[in-house]
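1. using only what follows, build the 3D model:
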Amino acid sequence: MKFNPLSLFFSLNYTISEFYLSFKKLYIISHILLFSLTILSCESNINFYRPDLPEQLCTVGIIDADDTLSVNYQNPSLYNYLRFISFQKSYQSEYPEERDDSLRNFSFSISTQDKEIFSYYSDSVLKNLETFKLPAVLDFISGEKYFLKAHTEGLNDISAEIKVPNPPSKIIVNSVHKETEPAIQKPGCHFALDDSIKYAIIDISFNIEASACYAILLEGTGFGSNYMFFSGFADFSVTNNNVMGFNAMVYGLKMFHLDCTGDINSLTKTSVKAFFFDGKNIQGDQCNIILSAKFNDSYSPFYVFTSFRIKLLSVPRELYQFEKSLYMYEKVAEDPFSEPVYLNGNIRNGNGIFAICRSTTASIILPFPPMF
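-> Below you'll find the predicted structure:
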């Protein structure tokens, strides 16, 4: 016997007229809910973008107001520039090869409430504007609001505003030491020059504001394969469990890892991850963090370290939420049964994030010959 879905309603003593009225009410309510979700998805800072919306202009601009130093090879630390902004179209086409990915008559500007402080215009056709470096002479002041506007032909103009947070407090380096563990050599190419994997353990502390959000980056200098000098960002994890946070990609920054192909090790460029945490999750007004940087493991390009530079950033909450969404997306991307992740951005009429941060640094110069 075939199942008739309508029999479920009639078995509950519904008449035809009652069923029709119930169905009509359900139909109206469902349309109201659908309309509300559509509006919220377009305007809310929580729902960042839906795949059925038309093409929009995307931007990711993460600016360190205190990063005004260029590369100085006489200094043991390599200052990796964090004043990037990128623009491109979002694509919702079913056939990627048919995309028209040009930015025509593209322009953007950054201004205060009183005046424009930077502008860019291109009268040529751009595929995108990737990791555009903002000049170091631009000053950004804590407590002030800054406004981003961008335009390209055929798309809605986008805009954003951000308030610059207070600078973080001074970093105190409590201790630095090395730990090792046995390495299991695998077939193929090897970088490690002995049979142990090493960890640089760095204990730091600093004062925090409960209402602020923070991020940490680690850079290193030392020697890599064949004892060639090497400098750049270093992978690290936070080992003390009382600090709730997460590692997420900082768009625009790049680092290197070893990649084994056949019997040859080569360097491959990868994204940089920072450790983000919320000040309200830290008990008290001081935060103690223990960083563990793994090296000499056939993945890190470092065999020994000669110095470190720790960068502590105070970041706007909008950036913290955006990065947390990236972290959640990475965790569930391969799970078909996971809940959808919506990126938290602050771009009106478009996608992405515009954020201005403040930072402080601490340098650690290791004795030579290096202890690591």
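
2. which parts of the protein are helices?
-> Under the criterion DSSP state H, the chain contains helices at 6-10, 16-43, 317-332.

3. check these for me: which has the lowest mean pLDDT.
-> By mean pLDDT, the lowest-scoring of the helices of the chain turns out to be helix 6-10, with a mean of 29.

4. residues in contact with Asn281?
-> Taking C-beta atoms under 8 Å, 6 or more residues apart in numbering as the definition of contact, the neighbours of Asn281 are 243-245. Every C-beta, even on glycine, is put in place using the N, C-alpha and C of the backbone.

5. right, and Pro167 touches Thr360 too?
-> Yes. Here Pro167 reaches Thr360: they are 6.3 Å apart, a contact under C-beta atoms under 8 Å.

6. common neighbours of the two, please.
-> When contacts are counted by C-beta under 8 Å, 6+ apart, Pro167 and Thr360 have Asp66 as shared neighbours.

7. before we move on, the earlier item: just the buried residues of the contacts of Asn281.
-> The neighbour count (16 or more other C-beta atoms under 10 Å) marks Gly245 as buried among the contacts of Asn281.

8. quick check, nearest of the contacts of Asn281 to Pro367?
-> Pro367 has its nearest neighbour among the contacts of Asn281 in Val243, at 28.8 Å by C-beta to C-beta.

9. low-confidence bits of this protein, can you list those?
-> Applying pLDDT under 70 to the predicted model, the residue ranges of the chain that meet it are 1-53, 68-80, 91-101, 185-194, 225-226, 262-263, 334, 336-342, 344, 369-372.

10. for it, longest strand please?
-> Of all the elements of type strand in the chain, the one with the most residues (DSSP state E) is strand 245-261.

11. tell me which residues of that one come out buried.
-> When neighbours are counted by 16+ other C-beta under 10 Å, the buried residues of strand 245-261 are found to be 245-248, 250-253, 255-256, 258.

12. out of the residues you listed, flag the one nearest to Val272.
-> Where these are concerned, and distances follow C-beta to C-beta, Val272 has its nearest neighbour in Leu253, at 3.8 Å.

13. quick check: that closest one touching Lys269?
-> No. Between Leu253 and Lys269 there is no contact under C-beta under 8 Å: 10.7 Å.

14. can you map out the strands along the stretch 251-372 of the chain?
-> Assigned by DSSP state E, counting those that start in this stretch, the stretch 251-372 of the chain shows strands spanning 264-278, 286-295, 304-315, 351-365.

15. how about stretch 143-153: buried residues?
-> By neighbour count, and taking 16+ other C-beta under 10 Å as the criterion, the buried residues in stretch 143-153 are 146-152.

16. quick check: the two most widely separated of these?
-> Tyr146 and Thr152 (20.8 Å).

17. okay if I get the contacts of Asn281 as JSON lines plus distance to Gly352?
-> Converted to JSON lines, these look like this (distance: C-beta to C-beta, whole Å):
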{"residue": "Val243", "distance to Gly352": "28"}
{"residue": "Met244", "distance to Gly352": "26"}
{"residue": "Gly245", "distance to Gly352": "23"}
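
18. my understanding was that Asn346 contacts Ile356; is that so?
-> No. Contact between Asn346 and Ile356 fails when scored by C-beta under 8 Å: they sit 11.4 Å apart.

19. neighbour count: those two, which is higher?
-> Applying other C-beta atoms under 10 Å to Asn346 and Ile356 shows that Ile356 carries more neighbours, namely 26 against 21.

20. quickly list what the more buried one is bridged to.
-> With DSSP bridges as the criterion, Ile356 is bridged to Ile63.

21. got the contact list for it?
-> In this structure, Ile356 makes contact with 63, 65, 140, 146, 162, 164, 316, judged by C-beta under 8 Å, 6+ apart.

22. buried among those residues? Make that a PyMOL selection.
-> Taking 16+ other C-beta under 10 Å as the burial criterion, the selection of buried members of the contacts of Ile356 in PyMOL is written as:
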select buried, resi 63+65+140+146+162+164+316
